[in-house]
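Engineer: With the sequence up front, the predicted model follows.
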Amino acid sequence: MNPKKLVPEGSPREIPDEFDTLPSKEREIRVGEMLEFVKTLSPEDPYRHYLVCRATRLSLG
């Protein structure tokens, strides 16, 4: 299942692909913001797992 399909296009939850090309310091800031947002989601929200995985992948860069 692709979690991105669960989110309407243009939703603030959609993560743009340009994250992959950000400088490392900017990426760190964005990953921190993403993880703060994850804390606001319900544990049952399927997008929560996607965001945690994406943040982990980005932080490992």
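Structural biologist: Cool, the structure landed.
Engineer: distance of A55 from P23?
Structural biologist: 17 Å (CB to CB, to the nearest Å). Just so you know, the C-beta spots here come from the backbone N, C-alpha and C atoms, and that holds for glycine as well.
Engineer: Neighbour count for those two, which is higher?
Structural biologist: A55 (21 against 8; other CB atoms under 10 Å).
Engineer: just for the protein, where's the confidence low?
Structural biologist: Scanning the chain for pLDDT under 70 picks out the ranges 1-20, 61.
Engineer: run the last query once more with 80
Structural biologist: 1-24, 27, 57-61 (pLDDT under 80).
Engineer: For it, just list every one of the helices.
Structural biologist: Using DSSP state H, the helices of the chain run over residues 24-38, 46-60.
Engineer: Give me whichever of those is most buried.
Structural biologist: Among the helices of the chain, helix 46-60 has the highest mean neighbour count (mean count of other CB atoms under 10 Å), at a mean of 15.
Engineer: Convert the C-alpha atoms of it to CSV, please.
Structural biologist: C-alpha atoms of helix 46-60 as CSV (Å, rounded to 0.1, in the frame of the first residue of the first chain):
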residue,chain,number,x,y,z
PRO,A,46,-1.6,5.1,8.6
TYR,A,47,0.3,8.3,7.5
ARG,A,48,2.2,8.4,10.9
HIS,A,49,4.2,5.2,10.0
TYR,A,50,5.0,6.7,6.5
LEU,A,51,6.2,9.9,8.0
VAL,A,52,8.4,8.2,10.6
CYS,A,53,10.0,6.0,7.9
ARG,A,54,10.5,9.0,5.6
ALA,A,55,12.0,11.1,8.3
THR,A,56,14.4,8.3,9.2
ARG,A,57,15.4,7.8,5.6
LEU,A,58,16.0,11.6,5.2
SER,A,59,18.0,11.8,8.4
LEU,A,60,20.3,9.0,7.3
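Engineer: I am finished for the moment; much appreciated.
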